[in-house]
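Q: Sequence isn't available, so here's the structure alone:
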């Protein structure tokens, strides 16, 4: 709780700085993305995946994999997700229950399937998979990743679009994103 109160005080005193440091996207950032933070969170997700899920240990930690995930966060995830939220807010302005439901349905029915369908093969290509192996891996991993997405993100996004005040939305998404990034890294690097 002390950490939460410290975050609230910092957010009240320096909203722009705090959001830039904790966000993958921010309405206050000029282009609606904070790409370095997205890369850091993707890298953190991979570290959690390798150390806590896969239990590789420091000696067996694949630093190149962590760097790849961080670079994907900077070069793909941050710009794409940030741009999507910008489009979504323009397409469906407002924060009523109906608006939040519409945003969540569009996010999860349209964006999530496309995003995962791009992200997984991109990781495969960066890991050196041939086009044929990458296609086979996508066919194997995509359904499970999308179903897992649906267990997590619809509720998070619905709450985020409706219940969470705008200035806290970024923190909520980023806390959940660390867990999600760990899953995505594990899923994308399973052989």
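A: Now that the structure is in, tell me what you want to look at. Only a predicted model underlies this, so the values are computations on that prediction, with no experimental measurement involved.
Q: Quick check: buried residues in the one helix or strand residue 146 maps to?
A: Using DSSP states H and E, residue 146 falls within helix 131-162. Going by neighbour count (16 or more other C-beta atoms under 10 Å), the buried part of helix 131-162 is 134, 137-138, 141-142, 145-146, 149, 153-154, 156-158, 160-162. (C-beta placed from N, C-alpha, C; glycine too.)
Q: Helix or strand next in line after that helix, which one?
A: Immediately after helix 131-162, counting by DSSP H and E, sits helix 166-188.
Q: Just want the angle from that next one to helix 131-162.
A: Here helix 166-188 points in a direction 160 degrees away from that of helix 131-162 (axes from the mean of the first three to the mean of the last three C-alpha atoms, to 10 degrees).
Q: Who are the packing partners of helix 166-188?
A: Helix 166-188 sits against helix 2-13, helix 15-22, helix 35-48, helix 63-72, helix 112-126, helix 131-162, with contacts defined as 3 or more C-beta pairs under 8 Å, 6 or more residues apart in numbering; DSSP states H and E.
Q: Look up phi and psi at residue 92.
A: The phi/psi pair for residue 92 (degrees, to the nearest 10) reads phi -130, psi 80.
Q: remind me which residues of the protein are low pLDDT?
A: Scanning the chain for pLDDT under 70 picks out 1-4, 7, 11, 15-37, 166-167, 170-171, 191.
Q: quick revisit: could you identify the most distant pair in the buried residues of helix 131-162?
A: 134 and 162 (37.8 Å; C-beta to C-beta).
Q: Any figure for the gap between the residue lying closest to residue 162 once chain neighbours are set aside and residue 77?
A: Spatially, and ignoring its direct neighbours in sequence, residue 162 is nearest to residue 100 (3.5 Å; C-beta to C-beta, 6 or more residues apart in numbering). Here residue 100 is placed at a distance of 23 Å from residue 77 (C-beta to C-beta, to the nearest Å).
Q: who's more crowded, the two?
A: residue 77 (25 against 20; other C-beta atoms under 10 Å).
Q: Nearest spatial neighbour of that one, chain-adjacent residues omitted?
A: residue 38 (5.3 Å).
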